[in-house]
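Q: Kindly generate the corresponding structure for this input.
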Amino acid sequence: MGLSIAIATGLYGISFGALSVAAGLNLWQTIALSALMFTGGSQFAFIGVISGGGAGSAAFSAASLLGIRNAVYGMQIKQTLRPRVKQVPWMAQLTIDESTAVSLGQVDAQEKRRGFFSAGVGIYILWNVFTVAGALLGERMGDPAAWGLDGAAVAAFVGLLWPRLKSLEPVLIALAAAVVTACAVPWTNPGMPILITACCAAVYALLTGRRAKPATEHGQLQNVERESE
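A: Modelled structure (predicted):
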């Protein structure tokens, strides 16, 4: 699963490389963005601002805003994989949407680790390789969207999501997330819909968690009373 996600996502790096050069960045600047920033949403937001005539500071702010989600992923991965202190810096570099999704989609602890590294390392290598290819090809490849590379990334996420829809609640949550995202797309900048949907999901988790906690405490209290009787 990790390798298939790596191939599907890595190929999309061609699109970034071509669009980055078209936005006015040179080859080395494009390579630096993929090698150092390494988060697709933030990279596309950065070149989107640059291509629109925005300042570098505005582009950096837009990219940083979208990168906030990786901090949330980092907390999940640290809790799940329990990396050593020396591993944290380079594992943080590999913590992106796809590597987190592949890891958390597994049941066995060892498979969670394998999923994270296979997706994270695979995407990092292929994303950078195809970024260079896209930057070198530039305008000669035409419209990157015409190649269907954006669709490959979406298909990869659908493949990750589908096995988790085993009951009514996750199905309803997925549908609600799709509706919120679709409604936000016409009114917000690229990359913002996913942040809005993530905030809605966090609020839902907090509300349901608070309702579940009193119910659990009530059940435990009843068990204690029964044992005492």
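Q: what's the helix or strand for the residue lying closest to residue 18 once chain neighbours are set aside?
A: Leaving aside its chain neighbours, residue 18 sits nearest to residue 134 (4.2 Å; criterion: Cβ to Cβ, 6 or more residues apart in numbering). Where C-beta positions appear, they are placed from N, C-alpha and C, glycine not excepted. Per DSSP states H and E, residue 134 falls inside helix 109-137.
Q: again with residue 25
A: Going by DSSP H and E, residue 25 is not in any helix or strand.
Q: and it, how many neighbours?
A: 20 (other Cβ atoms under 10 Å).
Q: cool, and residue 120?
A: 26.
Q: Which residues are in contact with it?
A: 91, 94-96, 98-99 (Cβ atoms under 8 Å, 6 or more residues apart in numbering).
Q: would you turn those into TSV with neighbour count?
A: Listed next are the contacts of residue 120 as TSV, based on neighbours: other Cβ atoms under 10 Å:
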residue	neighbour count
91	19
94	19
95	23
96	23
98	26
99	27
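Q: Mark which of these are part of helices, please.
A: Among the contacts of residue 120, the residues falling in helices (DSSP state H) are 91, 94, 98-99.
Q: out of those, who's nearest residue 51?
A: Residue 51 has its nearest neighbour among these in residue 98, at 25.0 Å by Cβ to Cβ.
Q: and the closest one, how far is that from residue 38?
A: Distance, residue 98 to residue 38, by Cβ to Cβ, to the nearest Å: 11 Å.
Q: Same question for the helix holding residue 134: list its buried residues.
A: 111-124, 126-132, 134-135 (16 or more other Cβ atoms under 10 Å).
Q: And for stretch 168-185?
A: 173, 177, 180-181, 184.
Q: How about stretch 21-39?
A: Buried-residue list, stretch 21-39, by 16+ other Cβ under 10 Å: 21, 23, 25, 30-31, 33-34, 37-39.
Q: before we move on, back to that, next, give me the two most distant ones among the buried residues of stretch 168-185.
A: 173 and 184 (16.4 Å).
Q: still on that earlier bit, now the buried residues of stretch 21-39 in TSV, please, with extra columns for distance to residue 78, pLDDT and secondary structure.
A: Formatted as TSV, those follow (distance: Cβ to Cβ, whole Å; pLDDT from 0 to 100; DSSP: H, G, I helix; E, B strand; the rest coil):
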residue	distance to residue 78	pLDDT	secondary structure
21	36	86	helix
23	34	83	coil
25	33	90	coil
30	31	93	helix
31	29	94	helix
33	25	93	helix
34	24	93	helix
37	21	92	helix
38	18	91	coil
39	17	87	coil
